[in-house]
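>>> My questions concern the predicted model and sequence given below.
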Amino acid sequence: MHILITGGAGFIGSHVVRHFVNVYPEYLITNLDSLSYAGNLENLKDVERKPNYRFVKGDITDRSCIESLFEEHRFDGVIHLAAESHVDRSIASPQQFVLTNVVGTVNLLDAARNCWSADYGGKRFYHISTDEVYGSLGNEGLFTEETPYDPHSPYSASKASSDHFVRAWHDTYGLPIVISNCSNNYGSYQFPEKLIPLFINNIRLKKPLPVYGKGENVRDWLWVIDHASAIDVIYHRGENGETYNIGGHNEWTNIDLIRLLCEIMDRKLGREPGESAALITYVTDRAGHDLRYAIDSSKLQRELGWQPSILFEEGLERTVEWYLGNQEWLEQVTSGAYREYYETMYR
């Protein structure tokens, strides 16, 4: 089997590529990534010389590039992760999110349909999405696969649109698809614009920790390695046309998560208790900031037997240890354009 994984040099994508390359040596895995600011081939140095791994630099918004790839390689499956994903960036530059997340997805759908139209047997287009398409929850309730879409940011609107196009290609053309919507991921190799690696790096450097509003927003956190295993299960055993929610059963307010992270960092760095928490700085809340996300992943557990393998506290400890043990990686990705972006967004 030859599988195309898009966005495979990014945070979640690199973990998915690593998982499939190592678990399925009989598969050929092609990683397509444009190597934008969040794409980093150093994330995959441990598998780059494996005989069943290939890398192609290309952009899903380049229709001719995508068509040529499918004509040349005749992929059996697609696992589509390539996306613009940072809400703050979507507020500043929404057009890029429409181009990548919507137009790029349609380019892939069309290329897959044209390649497989003679025989859909054994083929699969797997689209990875987000819980943010469902909007915001109050203090009670969980997102299920039947929750109506209600996106509130340019990012979530672009992902909701791409989800609808994937379903439309299934309903109109019979394309064999599955979709998953996941909660916030954390773990190694995450670009440090997202909360956990950003704050680990800032604590390390004794820089302010910018907390939106009062830090009362609630998120469900999923260890990225558990996400990769769920993607494996859904790709191989999910029902065509179905959606599966993937959650970590780990709801935390931002401020409680940050305080826990500060405690862990104080312990790991040999600092006095409370030293890192003193860096917390409250900043103006993000526009359209959803109050709470929480995923009900019981369908995935019940029908396909998947469940998270790790408690959040242990996963966060492992994550902190990884970033502290890979400070060279951190320093490389926090230079240049990222530093300019950081100053613009958080000054």
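It's in.
>>> Determine the number of other residues adjacent to Arg63.
Neighbourhood size, Arg63 [other CB atoms under 10 Å]: 16. Every C-beta, even on glycine, is put in place using the N, C-alpha and C of the backbone.
>>> If you could redo that for Ile280, that was the one I meant.
Ile280: 16 surrounding residues under other CB under 10 Å.
>>> which phi and psi does the residue nearest to it when sequence neighbours are not counted have?
Leaving out its chain neighbours, the residue that sits closest to Ile280 by CB to CB, 6 or more residues apart in numbering is Leu209, at 4.8 Å. The phi/psi pair for Leu209 (degrees, to the nearest 10) reads phi -110, psi 100.
>>> and what of the one 3 residues further on?
Backbone torsions of Tyr212, given as degrees, to the nearest 10, read phi -70, psi 130.
>>> Against Gly215, how distant is His289?
Look at His289 and Gly215: by CB to CB, to the nearest Å, they are 11 Å apart.
>>> For the strand or helix carrying Glu72, which outside residues touch it?
Using DSSP states H and E, Glu72 sits within helix 63-73. Residues outside helix 63-73 that contact it (CB atoms under 8 Å, 6 or more residues apart in numbering) are 2, 4, 30, 32, 56, 58-60, 75, 107-108, 110-112, 114-115.
>>> Can you say which of the residues you listed are buried?
Buried members of these, counted by 16 or more other CB atoms under 10 Å: 4, 30, 32, 58-60, 75, 107-108, 110-112, 115.
>>> Show the subsequent helix or strand relative to the helix or strand hosting Ile5.
Assigned by DSSP H and E, Ile5 belongs to strand 2-6. Downstream of strand 2-6, the first helix or strand assigned by DSSP H and E is helix 11-23.
>>> List the buried residues for that following helix?
11-21.
>>> And for stretch 269-288?
276-277, 279-280.
>>> Pop out the phi and psi values for Val56.
Dihedral angles (degrees, to the nearest 10) for Val56: phi -130, psi 130.
>>> same question, Leu99
phi -60, psi -50.
>>> ditto for Gly8
According to degrees, to the nearest 10, Gly8 has phi -80, psi 0.
>>> can you tell me the helix or strand for the nearest residue to it once chain neighbours are set aside?
Spatial nearest neighbour of Gly8, chain neighbours left out: Asn31 (3.4 Å); criterion: CB to CB, 6+ apart. Per DSSP H and E, Asn31 falls inside strand 28-33.
>>> again with Asn107
Secondary structure assignment for Asn107, by DSSP H and E: helix 104-116.
>>> Name the residues that touch that helix?
Against helix 104-116 from outside (CB under 8 Å, 6+ apart): 6, 59-63, 66-67, 69-71, 74-75, 78, 80, 82-83, 123, 125, 127, 162, 165-166, 169, 173, 175.
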